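Student: need coordinates for the below:
(chains A and B)
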Number of protein chains: 2
Amino acid sequence: MNKRDIILDAMQDLFTEGHGGTASVSDIAKKAGIAKGGLYYYFRSKEEVLDALVERQYADLIKTCSALVDSCEGTATQKLATLFKGYYSSSANAPLDQHLHMPQNAAIHQKSLAMILNSLSPIVSKIIEQGVKEGTFVCDFPQENAEIMLSVFAFLLDPGIFYWTTQHRLQILKSIADLMEKGLSAKKGSFAFFYKQT
Amino acid sequence: MNKRDIILDAMQDLFTEGHGGTASVSDIAKKAGIAKGGLYYYFRSKEEVLDALVERQYADLIKTCSALVDSCEGTATQKLATLFKGYYSSSANAPLDQHLHMPQNAAIHQKSLAMILNSLSPIVSKIIEQGVKEGTFVCDFPQENAEIMLSVFAFLLDPGIFYWTTQHRLQILKSIADLMEKGLSAKKGSFAFFYKQT
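Tutor: Here you go, the predicted structure:
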């Protein structure tokens, strides 16, 4: 493994252990087993380490989601359900996520939301196009439709931006399912995977 | 006018003149015609002044939008068009907006997006309910539908988060119009005000 990844692993471990937020550059270097000067060769500050860790984490999440969709040979609806399940179960590091929700990390957080939307929207768009070919969806704007759908998950349902009750969150999921079904002329209930546990 | 508002006006004037980003607390106090100590009585830092200015600006925008809707006696669709037009023409201070799009102000920016969504969604929801009564809309989730629609404007179309071409922006507007029309069982073209200049 290269040194850059060793440093990111150390930062991630510190978060898992609950010290990520308060760790200094020295703490990160120590955990990585390298000299502080060695860390500075790769990153100028703790913020840069955090930024790179978040980017790596989301790149991994997107890779996982993409692979899940590629290996699924089902219909468009089944692929969307697989993607949705994969997205929510590829659990991001929870303490890291909480740290991102602090005001001083808003810039990194915002960048990660844009990254998710920009990376997942072509995947969702391709699935919608498959549905159009299969005759289960009707859609003139697959890419834009994907972006709108993902805005709901990346922004409206982000627990660091909005503080919905469980009940309201469920209502939003039912509403976006309803909107997608009607918007894509899909069978009623075909987006129920948004809100039904399977 | 109270001193707090005088300070916020000074900050706003500095942005209009192009010095808002670089202005120090002393500059703001000087512009407001008060002593630096006087400013510190109201705000602990420049960031707090900025935060309060943004909050005041968005509160004003929401008040304007709300008043426009209240004074409009048209159908639900006409009210939505009025709200949409009012929202985009109640021009926020452009240099301030640009300043908010800088990474160090991401927390304030994010808060303002959440504020817009939380404040405008009950207004949009009420208009959707009116449309249901008029028989032009069908909707089981007016509040959630409003939140989803506003996510597109507050997040996906925010020029500080995504950098769409004019053409792609137009496609997103056409797509959300199409989605809302189908989702609300509204007449085709009734949400054309999203993308057609009037």
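
Student: center of chain A, which residue is that?
Tutor: To find the centre residue of chain A, average its C-alpha atoms and take the closest one (C-alpha atoms, centre = their mean): that gives residue A:116, at 5.3 Å.

Student: show me what contacts that one?
Tutor: Shown here is residue A:116, whose contacts under the criterion C-beta atoms under 8 Å, 6 or more residues apart in numbering or on different chains are A:58, A:61, A:62, A:150, A:154. For every residue, glycine as well, the C-beta is placed using N, CA and C.

Student: can I have the buried ones of these as a PyMOL selection?
Tutor: A single PyMOL command is used to select the members of the contacts of residue A:116 judged buried by 16 or more other C-beta atoms under 10 Å in any protein chain shown:
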select buried, chain A and resi 58+61+62+150+154
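
Student: quick check: phi and psi on the residue nearest to the centre of chain A?
Tutor: Dihedral angles of residue A:116 (phi, psi; degrees, to the nearest 10) stand at phi -60, psi -50.

Student: would you check how far apart it and residue A:153 are?
Tutor: 8 Å (C-beta to C-beta, to the nearest Å).

Student: same thing with residue A:10?
Tutor: Distance, residue A:10 to residue A:153, by C-beta to C-beta: 30 Å.

Student: in stretch A:119-130, what's buried?
Tutor: Within stretch A:119-130, the residues that qualify as buried are A:119, A:120, A:121, A:123, A:124, A:125, A:126, A:127, A:128, A:129, A:130, counting by 16+ other C-beta under 10 Å.

Student: find the helix or strand that the fifth one is a member of.
Tutor: By that I understand residue A:124. Secondary-structure element containing residue A:124, defined by DSSP states H and E: helix A:106-134.

Student: now that helix, how far from the centre of its chain.
Tutor: On the basis of C-alpha atoms, centre = their mean, to the nearest Å, helix A:106-134 is displaced by 10 Å from the centre of the chain it belongs to.

Student: contacts for the lowest-mean-pLDDT helix or strand in chain A?
Tutor: Sorted by mean pLDDT, DSSP states H and E, the helices and strands of chain A end with helix A:94-100, the least confident at a mean of 83. Outside helix A:94-100, the residues within contact range by C-beta under 8 Å, 6+ apart are A:12, A:15-16, A:18, A:20-21, A:50, A:53-54, A:57, A:105, A:108-109, A:112, A:160.

Student: go back to those residues and keep what's next to chain B.
Tutor: Checking the contacts of helix A:94-100 against chain B by C-beta under 8 Å from any C-beta of the partner chain, the ones in range are residue A:109.

Student: quick one, which of the contacts of helix A:94-100 are buried?
Tutor: Buried positions within the contacts of helix A:94-100, assessed by neighbour count (16+ other C-beta under 10 Å), are A:12, A:15, A:20, A:50, A:53, A:54, A:57, A:105, A:108, A:109, A:112, A:160.

Student: pLDDT score assigned to the third one?
Tutor: What the model reports for residue A:20 is a pLDDT of 90.

Student: can I get the CA coordinates of the helix or strand containing residue A:182 in CSV?
Tutor: When secondary structure is defined by DSSP H and E, residue A:182 falls within helix A:166-183. Provided in CSV are the C-alpha atoms of helix A:166-183 (Å, rounded to 0.1, in the frame of the first residue of the first chain):
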residue,chain,number,x,y,z
THR,A,166,-38.7,9.1,11.1
GLN,A,167,-42.3,9.6,10.1
HIS,A,168,-41.7,12.6,7.9
ARG,A,169,-38.7,10.8,6.3
LEU,A,170,-40.9,7.9,5.4
GLN,A,171,-43.5,10.3,3.9
ILE,A,172,-40.7,11.9,1.7
LEU,A,173,-39.7,8.5,0.5
LYS,A,174,-43.3,7.6,-0.4
SER,A,175,-43.7,10.9,-2.1
ILE,A,176,-40.5,10.5,-4.3
ALA,A,177,-41.6,6.9,-5.1
ASP,A,178,-45.0,8.2,-6.2
LEU,A,179,-43.4,11.0,-8.2
MET,A,180,-41.0,8.7,-10.0
GLU,A,181,-43.7,6.2,-10.8
LYS,A,182,-45.9,8.8,-12.3
GLY,A,183,-43.1,10.7,-13.9
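
Student: next, the buried residues of it.
Tutor: Burial within helix A:166-183, assessed by neighbour count using 16+ other C-beta under 10 Å, is assigned to A:169, A:171-183.

Student: just to revisit the earlier point, of the buried ones among the contacts of helix A:94-100, which pair is most distant in space?
Tutor: Put simply, by C-beta to C-beta the two of these set farthest apart are A:12 and A:160, 18.6 Å from each other.

Student: picking up where we left off before, tell me how far the residue nearest to the centre of chain A lies from residue B:43.
Tutor: Going from residue A:116 to residue B:43 by C-beta to C-beta gives 35 Å.

Student: and residue A:122, by the same measure?
Tutor: As for residue A:122, its distance to residue B:43 is 45 Å (criterion: C-beta to C-beta).

Student: what residues does chain A put near chain B?
Tutor: If contacts are counted using C-beta under 8 Å from any C-beta, the residues of chain A sitting beside chain B are A:103-104, A:106-107, A:109-110, A:113-114, A:117-118, A:140-141, A:143-145, A:147-148, A:151-152, A:154-156, A:161-162, A:168, A:171-172, A:174-176, A:178-179, A:182-183, A:185.

Student: any idea how far stretch A:150-164 is from the chain center?
Tutor: Average the C-alpha atoms of stretch A:150-164, do the same for its chain, and the two points are 11 Å apart (C-alpha atoms, centre = their mean).

Student: model confidence over it, on average?
Tutor: For stretch A:150-164, the mean confidence score works out to 95.

Student: can I get stretch A:34-54 as PDB, trimmed to CA atoms?
Tutor: Once non-C-alpha atoms are left out, stretch A:34-54 reads as follows in PDB (Å, rounded to 0.1, in the frame of the first residue of the first chain):
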ATOM      1  CA  ILE A  34       5.400   7.800   9.900                       C
ATOM      2  CA  ALA A  35       7.200  11.100  10.800                       C
ATOM      3  CA  LYS A  36       5.100  14.300  10.900                       C
ATOM      4  CA  GLY A  37       7.400  15.700   8.100                       C
ATOM      5  CA  GLY A  38       6.500  12.600   6.000                       C
ATOM      6  CA  LEU A  39       2.800  13.400   6.400                       C
ATOM      7  CA  TYR A  40       3.400  17.000   5.300                       C
ATOM      8  CA  TYR A  41       5.000  15.600   2.100                       C
ATOM      9  CA  TYR A  42       1.500  14.400   1.100                       C
ATOM     10  CA  PHE A  43      -0.900  16.700   2.800                       C
ATOM     11  CA  ARG A  44      -0.600  20.400   3.900                       C
ATOM     12  CA  SER A  45      -3.100  20.100   6.800                       C
ATOM     13  CA  LYS A  46      -5.500  17.900   8.700                       C
ATOM     14  CA  GLU A  47      -8.200  19.300   6.500                       C
ATOM     15  CA  GLU A  48      -6.500  18.100   3.400                       C
ATOM     16  CA  VAL A  49      -6.300  14.600   4.900                       C
ATOM     17  CA  LEU A  50     -10.000  14.700   5.800                       C
ATOM     18  CA  ASP A  51     -10.800  16.000   2.300                       C
ATOM     19  CA  ALA A  52      -8.900  13.100   0.700                       C
ATOM     20  CA  LEU A  53     -10.400  10.500   3.000                       C
ATOM     21  CA  VAL A  54     -13.900  11.600   2.200                       C
END
